[in-house]
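Enquirer: predicted model, plus sequence, below.
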Amino acid sequence: MKLWTRHGLGFSLLCGHVDHQKSPYARKYPSVREAYPQLWGRIGTNQIIWCSIEPKEPTLVPELEQDWILNVPRESILRFVDNIVWNRIVDLAPCELPQKLLRQWDDDALRLHPDDEAERERTRKVLEQDFWEQPPPGDSWWDSVFAENEHCGSVSAIVQHPVRSEWVLHNPLLSQ
């Protein structure tokens, strides 16, 4: 499966270890630092790499960040993470929603109010508000953080660090 991931200059996916204290994401959001140990416990390791299942826009600061492209066998993906649930866990919701869900709300609003744009807009807003206000299924959002596969909406893939060299399609450390 083709995956994309971005890391700070000089960080190698092929060797060493992941120091989550250096992650700009973890440094910026204390809630992420607090949630990581529980995530690692559920995965079984803290040596993980978050990957996007869709291409990323090229980095705007290539002197600070580097983009990697991987081709990882599905059986080597540790878990798929539901990005919306993760953002709820780390208090970064509301966040960007999948286009499929937004289109569904548009379709529902159109079906209910085919001739009234103002009512369609109100309906879309109510649907979005209801979505963000819903309680977690089960006891907590942690019960839903993992997705079954990459087709479950907005997901990321988590792979073990270090990655195997044969998985690397683009290595920015060798491209310089």
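Expert: Right, received. Where do you want to start?
Enquirer: helices or strands up against the helix or strand that Ala109 is a member of?
Expert: Using DSSP states H and E, Ala109 sits within helix 99-112. Where contact means 3 or more CB pairs under 8 Å, 6 or more residues apart in numbering; DSSP states H and E, helix 99-112 is packed against helix 117-133. (Glycine included, C-beta is placed from N, CA and C.)
Enquirer: returning to what we had before: other residues contacting the helix holding Ala109?
Expert: With contact meaning CB atoms under 8 Å, 6 or more residues apart in numbering, helix 99-112 is reached by 119-121, 123-124, 127-128, 131, 153.
Enquirer: please redo it, this time with the cut-off set to 7 Å
Expert: Contacts to helix 99-112, defined as CB atoms under 7 Å, 6 or more residues apart in numbering, come from residues 120, 123-124, 127-128, 153.
Enquirer: buried ones in it?
Expert: 105, 109 (16 or more other CB atoms under 10 Å).
Enquirer: likewise for stretch 9-25?
Expert: In stretch 9-25, counting by 16+ other CB under 10 Å, buried: 11, 13, 18, 20, 23.
Enquirer: isn't the second one up against Trp68?
Expert: Yes. Assessed by CB atoms under 7 Å, Leu13 is found in contact with Trp68 at 5.7 Å.
Enquirer: gap between the residue sitting furthest away from the middle of the chain and Ala109?
Expert: Note on the chain: the largest C-alpha distance from the chain mean falls to Asp115, namely 37.1 Å (CA atoms, centre = their mean). The gap separating Asp115 from Ala109 is 12 Å, by CB to CB, to the nearest Å.
Enquirer: for stretch 12-23, what is the average pLDDT?
Expert: When pLDDT is averaged along stretch 12-23, the result is 91.
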